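>>> could you work out the structure for the sequence below:
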Amino acid sequence: MENILRNEIKKAECCSSSIKDILARCEDAVGFIELYLKRNPGKKHSEFLDFYDDLDVPSQVLLYEKKKKMVRSDKFEEECLMRYCIEQRSEISYEIIKSMRNSKLLFKVLSESFLLVNVDEEDDLFFTKCIVAALRIHNIDFSEMNVLMTGIGRHFSDGRRKYYEHGAIVASVLLNTCEFDIGSMDETQQMIDDIPSHLLKKNGDRDFEDPGNVFKCYKKVENSFEMLGSGWRPKFLQEAINAIEEERDAEKVEASFRWFPDLVRSATERTLKYKSKKALEVLMNYDGYEEHKVDAISSLIQRSHKFLIDDTIDDFFNGKLCLRHKIILVFSFKKIIKEGPLDQAISLYRCIEFMARRIHHEIPRAMGRALECLLVEGMERAGERTDRAVDVLTDN
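Modelled structure (predicted):
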């Protein structure tokens, strides 16, 4: 039978017989279509669509672009998502995201893609759009949320403005907050506008609000993020603190943020003792250069641990900080817990866990999600069961 099918395929390829005629006379039309598509994946004849439900998964995935019909199987959903979203970056990805039944699989694939900040800006923006659509359509569970938060953290600390913005967009939707300052409002709003409105509704009684509302409180940051032209570099930590606080010279401010971790590492203990609190205040309060703040703040807290950590954690939990500043601190704490010295990492994790247990009933839901991910990182570093993270923030 396979030889007969191969002969029919050759006739179709050389156009000596039409697809319609071959399907009419072929005893195994399904086998013919599957073999034909393996040899010619780009030739999706409309005649094949009548046999769609009987085909194997790879053939159904190839024909989905024309048929627009999802098949209720995890294998089909995964292959569809990988082909049209991850590999091709196709606009029909939104329809696939809307129709997927296995939300755990959906967020696993998208979250792992968002971890890769080495893709170019356009591809990273495409994945950002897909994640925004997925978050507004489906419910994300904790394990996938943890991976997504890690991806957000990588975008925050990448150092490139566009990647920070993409991380902030996903964080805004995931944590349901408008606290992040986005520099390019036009691109942000366009990203939302590009997603068809009918996709931004959950299957159920409750519809989402206007998807643009999540960005309604954003302020435009006017700083220039071009590469430094003068090559100026601060020599001392105090010089960088002064440049950021004074806000007079944009180039000096950017250079100070870029070199801040190196300046912290080379600073004397005396300097850190008397200047670290002022430095943290200046970094947190500066409106802009968010993409450098996680590295700057985490390096400062790590090196000035005994001078800063008690007051910083008190401020974090006592309501003195806005949500945006708290999120920046969460990622800074997470970086220390993940990458810092083991004794310091576990000490910081224990302290945060203790405070979270004490006031868990006062923690906003958005902040609770971020803290869960931080606690998981600490539990992994300490060799503990990570499924306790949710219990820390409840009465269990």
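>>> every contact and neighbour count from this point should use C-alpha atoms.
Will do.
>>> distance between stretch 99-115 and the chain's centre?
Distance, stretch centre to chain centre, for stretch 99-115: 11 Å (CA atoms, centre = their mean, to the nearest Å).
>>> go through it and flag the buried ones.
Of the residues in stretch 99-115, 99-101, 103-111, 113-115 count as buried by neighbour count, 16 or more other CA atoms under 10 Å.
>>> try stretch 355-374
Here stretch 355-374 shows Met355, Ala356, His360, Ala366, Met367, Gly368, Arg369, Ala370, Leu371, Glu372, Cys373, Leu374 as buried, counting by 16+ other CA under 10 Å.
>>> likewise stretch 247-258?
For stretch 247-258, by 16+ other CA under 10 Å, it's Glu251, Lys252, Val253, Glu254, Ala255, Ser256, Phe257, Arg258.
>>> next helix or strand past the one helix or strand the last one maps to?
Same thing as Arg258. Using DSSP states H and E, the element containing Arg258 is helix 250-266. Counting by DSSP H and E, the element after helix 250-266 in chain order, helix or strand, is helix 269-285.
>>> next, the contact list for Ser67, please.
Small correction: residue 67 is Lys, not Ser. Lys67 makes contacts with Leu49, Tyr52, as judged by CA atoms under 8 Å, 6 or more residues apart in numbering.
>>> ok, Ala345 touching Lys338?
Yes - using CA atoms under 8 Å, Ala345 makes contact with Lys338 at a distance of 7.1 Å.
>>> which residues do those two both contact?
Shared contacts of Ala345 and Lys338, counting by CA under 8 Å, 6+ apart, come down to Gly378, Arg381.
>>> contacts for the helix or strand encompassing Ile346?
Per DSSP H and E: Ile346 is located in helix 342-358. For helix 342-358, the external contacting residues (CA under 8 Å, 6+ apart) are 302, 313, 317, 333, 336-339, 375, 378-379, 381-382, 392-394.
>>> please flag which of those residues sit within strands.
Among the contacts of helix 342-358, none falls in strands (DSSP state E).
>>> looking at these, which one is closest to Lys38?
Lys338 (45.3 Å; CA to CA).
>>> report how many residues lie close to that closest one.
17 (other CA atoms under 10 Å).
>>> excluding chain neighbours, give the residue nearest to it in space.
If you skip the residues right next to it in sequence, Lys338 has Glu377 as its closest partner in space, 6.5 Å away by CA to CA, 6 or more residues apart in numbering.
>>> Ile297 too?
Excluding the flanking residues, the one nearest Ile297 by CA to CA, 6+ apart is Ser332, at 6.3 Å.
>>> residues contacting Val57?
By CA under 8 Å, 6+ apart, Val57 lies in contact with Lys75, Phe76.
>>> give me the buried subset of the contacts of helix 342-358.
Buried among these (16+ other CA under 10 Å): 302, 313, 317, 333, 336-338, 375, 378-379, 381-382, 392-393.
>>> dump those into a markdown table; add distance to Tyr163 and pLDDT as well.
Conversion of the buried ones among the contacts of helix 342-358 to a markdown table gives the following (distance: CA to CA, whole Å; pLDDT from 0 to 100):
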| residue | distance to Tyr163 | pLDDT |
| --- | --- | --- |
| Gln302 | 24 | 93 |
| Ile313 | 28 | 90 |
| Phe317 | 28 | 86 |
| Phe333 | 20 | 91 |
| Ile336 | 21 | 92 |
| Ile337 | 23 | 91 |
| Lys338 | 21 | 88 |
| Leu375 | 25 | 85 |
| Gly378 | 26 | 87 |
| Met379 | 28 | 89 |
| Arg381 | 27 | 88 |
| Ala382 | 31 | 88 |
| Val392 | 32 | 63 |
| Leu393 | 30 | 62 |
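>>> in helices only, show me those.
302, 313, 317, 333, 336-338, 375, 378-379, 381-382, 392 (DSSP state H).
>>> quick one, the helix or strand containing Val294 and helix 250-266 angle?
If you go by DSSP H and E, Val294 is part of helix 290-303. Angle of helix 290-303 versus helix 250-266, following axes from the mean of the first three to the mean of the last three CA atoms, to 10 degrees, is 20 degrees.
>>> from Ala279, how far out is Ile297?
9 Å (CA to CA, to the nearest Å).
>>> how far away is the residue nearest to Lys338 from Ile152?
Counting by CA to CA, the gap from Glu377 to Ile152 is 14 Å.
>>> from what I can see the residue nearest to Lys338 touches Phe333, true?
No - contact between Glu377 and Phe333 fails when scored by CA under 8 Å: they sit 10.0 Å apart.
>>> what's the spacing between Phe317 and Lys293?
20 Å.
>>> poorly predicted segments of this structure, please.
Residues of the chain that meet the criterion pLDDT under 70 lie in 1-5, 13, 16-17, 159, 176-230, 360-362, 364-366, 389-396.
>>> now the strands: where do they sit in it?
According to DSSP E, the chain contains no strands.
>>> got the domain ranges for it?
Split into domains by automatic domain parsing, the chain comes to 1-56, 57-215, 237-392.
>>> next, format those as TSV and append distance to Gly231.
Output for the domains of the chain, formatted as TSV (distance: least, CA to CA, whole Å):
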stretch	distance to Gly231
domain 1-56	51
domain 57-215	17
domain 237-392	8
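>>> the residue nearest to Ile297 touches His292, doesn't it?
No - counting by CA under 8 Å, Ser332 sits too far from His292 to count as a contact (10.9 Å).
>>> give the contact list for the residue lying closest to Ser93 once chain neighbours are set aside.
In space, and not counting its chain neighbours, Ser93 is closest to Cys85: 5.2 Å by CA to CA, 6+ apart. Residues counted as contacts of Cys85 (CA under 8 Å, 6+ apart) are Glu91, Ile92, Ser93.
>>> next, the angle helix 290-303 makes with the helix holding Ile346.
Using the same axes, to 10 degrees: helix 342-358 against helix 290-303 is 110 degrees.
>>> output helix 342-358 as PDB, nothing but the C-alphas.
Extracted in PDB, the C-alpha atoms of helix 342-358 (Å, rounded to 0.1, in the frame of the first residue of the first chain):
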ATOM      1  CA  LEU A 342      24.800  30.600  51.300                       C
ATOM      2  CA  ASP A 343      24.800  31.800  54.900                       C
ATOM      3  CA  GLN A 344      23.600  35.300  53.800                       C
ATOM      4  CA  ALA A 345      21.000  33.900  51.400                       C
ATOM      5  CA  ILE A 346      19.500  31.500  54.000                       C
ATOM      6  CA  SER A 347      19.500  34.200  56.700                       C
ATOM      7  CA  LEU A 348      17.700  36.600  54.400                       C
ATOM      8  CA  TYR A 349      15.200  33.900  53.400                       C
ATOM      9  CA  ARG A 350      14.500  33.000  57.100                       C
ATOM     10  CA  CYS A 351      14.000  36.700  58.000                       C
ATOM     11  CA  ILE A 352      11.500  37.200  55.100                       C
ATOM     12  CA  GLU A 353       9.700  34.000  55.900                       C
ATOM     13  CA  PHE A 354       9.300  35.000  59.600                       C
ATOM     14  CA  MET A 355       7.900  38.400  58.700                       C
ATOM     15  CA  ALA A 356       5.600  37.000  56.000                       C
ATOM     16  CA  ARG A 357       4.100  34.500  58.500                       C
ATOM     17  CA  ARG A 358       3.500  37.300  61.000                       C
END
